[in-house]
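> turn this into a structure:
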Amino acid sequence: MSNNCKYQSFRTALEEGAPITDENWATIKPYLIRRHYARGEAIISEGETENYLSSVAKGCVRYYVRKVGNEINFEFAFENELSNSYASFLSRTPSQVSIEAVEEVTLVRLHYDHLQILYNESAIGERIGRLTTEGYYIWREKREIQLLTLSPEELYMDLLSQYPEYINRIPQKYLASYLQVQPESLSRIKRRIHMNRKRT
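Numbers count the residues shown, from 1 in each chain. All right, here's what the predicted structure looks like:
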């Protein structure tokens, strides 16, 4: 497999906003590494400091926090999406979230120290940092508005139409937590939607 193919997910994720020149990509590539995780393996645990900005080359990861013994899932990342504990990575403080492989996962990773080298050597380093921050805050605002304005059934319908990989690839217990309902409530929502579609 060529280096371009090995690391393409990282470039694709960064190019969400605008294309990266081949010259800038050539500057980034030497610092990238790949890491594989088994299903259920921890990528980062609460209390650890996040050292990597990653893209998902294969698989799906989940983000969760623990509350009174329960795991609350609040984000997922799939192929060609950036993934890390953003606040921990940027502030160099222990992570308040845990990230785990939902499926077998391959990540393409850039170490924090190498990002600092890129900051000093090339404008692309600043762009990577900006995209990471901007992407996180855009996602957070959208998520907060959805939770404030949509019912769990409406949230599920939105996933069904806009992000079907959530429905097809995420175990129901994690998806129910993400929608802030119990698994049995999610089962009822799915039955209602299925029955309504059969009638139409």
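
> buried residues, the lowest-mean-pLDDT helix or strand in the chain. List them.
Every helix and strand in the chain was compared by mean pLDDT, DSSP states H and E; the lowest is helix 123-149, with a mean of 79. If you call a residue buried by 16 or more other C-beta atoms under 10 Å, then helix 123-149 has these buried ones: I124, G125, R127, I128, G129, L131, T132, G135, Y136. Backbone N, C-alpha and C define where each C-beta goes, glycine included.

> tell me what it is packed against?
Under the contact definition 3 or more C-beta pairs under 8 Å, 6 or more residues apart in numbering; DSSP states H and E, helix 123-149 sits against helix 3-14, helix 22-28, strand 70-77, strand 82-83, helix 86-91, helix 112-121, helix 152-162.

> what is the mean pLDDT for the first one?
Confidence for helix 3-14, expressed as mean pLDDT, is 84.

> C-alpha coordinates for it, PDB please?
Written as PDB, here are the backbone C-alpha positions of helix 3-14 (Å, rounded to 0.1, in the frame of the first residue of the first chain):
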ATOM      1  CA  ASN A   3       1.900   6.100   1.700                       C
ATOM      2  CA  ASN A   4      -0.700   8.200  -0.100                       C
ATOM      3  CA  CYS A   5      -3.300   5.400   0.400                       C
ATOM      4  CA  LYS A   6      -2.100   4.600   3.900                       C
ATOM      5  CA  TYR A   7      -2.700   8.200   5.100                       C
ATOM      6  CA  GLN A   8      -5.400   9.400   2.800                       C
ATOM      7  CA  SER A   9      -8.100   9.500   5.500                       C
ATOM      8  CA  PHE A  10      -6.100  12.200   7.300                       C
ATOM      9  CA  ARG A  11      -5.900  14.400   4.200                       C
ATOM     10  CA  THR A  12      -9.600  13.800   3.500                       C
ATOM     11  CA  ALA A  13     -10.600  14.800   7.000                       C
ATOM     12  CA  LEU A  14      -8.500  18.000   6.800                       C
END
